[in-house]
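[1] missing the sequence, but the structure's below:
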């Protein structure tokens, strides 16, 4: 199931500034909200097909269980974005709090969540992060939430506990056994390009396994490579390339959004 009703969707990131309780929060929540609303409006005006909010400014991240005040802050911002922007919306709660992401998404009628480690385990700067697909999918059922789960296959800023080929079994597991609705392939870090051979392997493995699930590119999409990526992948999640000066922490540039959408073959 593709949670976004568009061909080769482009998902633009709304990177939230540090939220209350985070070390770099400056005490001005209105500024956090206003910046998020500004970026969401620019993404919509620039022509993306969907947006995703993420607590990007909250480093260092909790491994898998953020405090309640983070959930409350993200829900408030997401709700205000939902009131002003008509695009499909996703939620990602870093580092890997799928329960929080799903709860926020359900509360604001969002369409999907991204889960960095949905099944298996990864070594990260937060330690070993383990997937909890069994909890996430059961929570979705209890909430009655029509929210798709996009699961990373080889998530950025992490390493596997053991080498494993990106074969049909590896791609099938988060979808067939973890009941995710789509998968995400990324580069090694934020803004880093995905390895073309890895992306091709993921798509080929998806097809070999006979899985009806989209493959998204999760990092490194630019105006220069977006058309090529979409020749292979089903969609892209873009953050850094849409920011002023190509800096991840800068505001979204509507002109850069328009340029990337045009390069992808959009209007």
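    Cool, got the structure. What you are looking at is a predicted structure, and each value in this text was computed from that prediction instead of being measured.
[2] who's in contact with residue 227?
    263, 264, 265 (CB atoms under 8 Å, 6 or more residues apart in numbering). To be clear about C-beta, it is placed using only N, CA and C from the backbone, and glycine gets the same treatment.
[3] ok, 10 Å please
    Contacts for residue 227 (CB atoms under 10 Å, 6 or more residues apart in numbering) come out as 8, 260, 263, 264, 265.
[4] again, but for residue 42
    Counting by CB under 10 Å, 6+ apart, residue 42 makes contact with 12, 14, 48, 242, 251, 252, 253, 254, 255, 256, 257, 258.
[5] for the contacts of residue 227, which single residue is the most surrounded?
    residue 260 (26 neighbours; other CB atoms under 10 Å).
[6] quick one, phi/psi of it?
    Note on residue 260: its backbone torsions stand at phi -70, psi -40 [degrees, to the nearest 10].
[7] if we can go back for a sec, out of the contacts of residue 227, flag the one nearest to residue 71.
    residue 260 (31.2 Å; CB to CB).
[8] low-confidence ranges in the stretch 151-267 of the chain?
    For the stretch 151-267 of the chain, the stretches flagged by pLDDT under 70 are 155-156, 165-167, 188-191, 266-267.
[9] switch to 90 and redo it
    Scanning the stretch 151-267 of the chain for pLDDT under 90 picks out 153-173, 186-198, 201-202, 204-206, 208-212, 265-267.
[10] which residues in it form strands?
    For the stretch 151-267 of the chain, the strands defined by DSSP state E, counting those that start in this stretch occupy 158-160, 182-185, 215-217, 235-238.
[11] who touches the first one?
    Contacts to strand 158-160, defined as CB under 10 Å, 6+ apart, come from residues 95-96, 116-117, 120-126, 128-129, 152, 154, 186, 188-189.
[12] for residue 58, give me the pLDDT.
    With respect to pLDDT, residue 58 scores 97.
[13] that one touches residue 71, doesn't it?
    No: at 11.9 Å, residue 58 does not count as touching residue 71 under the criterion of CB atoms under 10 Å.
[14] these two: who's more crowded?
    Using other CB under 10 Å as the criterion, residue 58 and residue 71 rank with residue 58 on top: 25 against 19.
[15] look up how far residue 113 lies from the nearest residue in space to the more buried one that is not next to it in sequence.
    Nearest residue to residue 58 in three dimensions, chain neighbours excluded: residue 22, at 4.4 Å (CB to CB, 6 or more residues apart in numbering). Per CB to CB, to the nearest Å, residue 22 is found 20 Å from residue 113.
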